[in-house]
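[1] Next input, structure requested:
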Amino acid sequence: MISSSLVNAFLLHYSSTIQTTQFLIILYTDPGSVLPLASGAAAVIGFILLIWQRFMTFLSRTLRFLRGKNQA
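    Prediction:
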């Protein structure tokens, strides 16, 4: 039989490692649950970039039009 002092010494020595391992096991997510989130984030970022491109095109055409009008 293992003495309680040996068990206590083991737990004191390895308790931080055990807690870290338990914490990482809780945080682990498999790729199947992360991919839909990544796909949704990519769709949102793509939509924002499309809107940004249209805004910049509109702004450049407006500024080009106003500069041409001032030069004439």
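[2] so how far is the helix or strand containing T62 from its chain's centroid?
    Using DSSP states H and E, the element containing T62 is helix 31-71. From the chain centre to the centre of helix 31-71 is a distance of 20 Å (C-alpha atoms, centre = their mean, to the nearest Å).
[3] ditto for stretch 30-43
    Here stretch 30-43 is found 10 Å from its chain centre; the criterion is C-alpha atoms, centre = their mean.
[4] Stretch 22-40 now?
    11 Å.
[5] how long is that stretch from one end to the other?
    Counting by C-alpha to C-alpha, to the nearest Å, you get 29 Å between the two ends of stretch 22-40.
[6] Using the three-state scheme, assign T29.
    Following DSSP: H, G, I helix; E, B strand; the rest coil, T29 is assigned to coil.
[7] Let's see the pLDDT reported for it.
    pLDDT for T29: 74.
[8] That one: how many residues sit nearby?
    For T29, the neighbour count with other C-beta atoms under 10 Å is 8. Heads up, the C-betas are built off the backbone N, CA and C, glycines and all.
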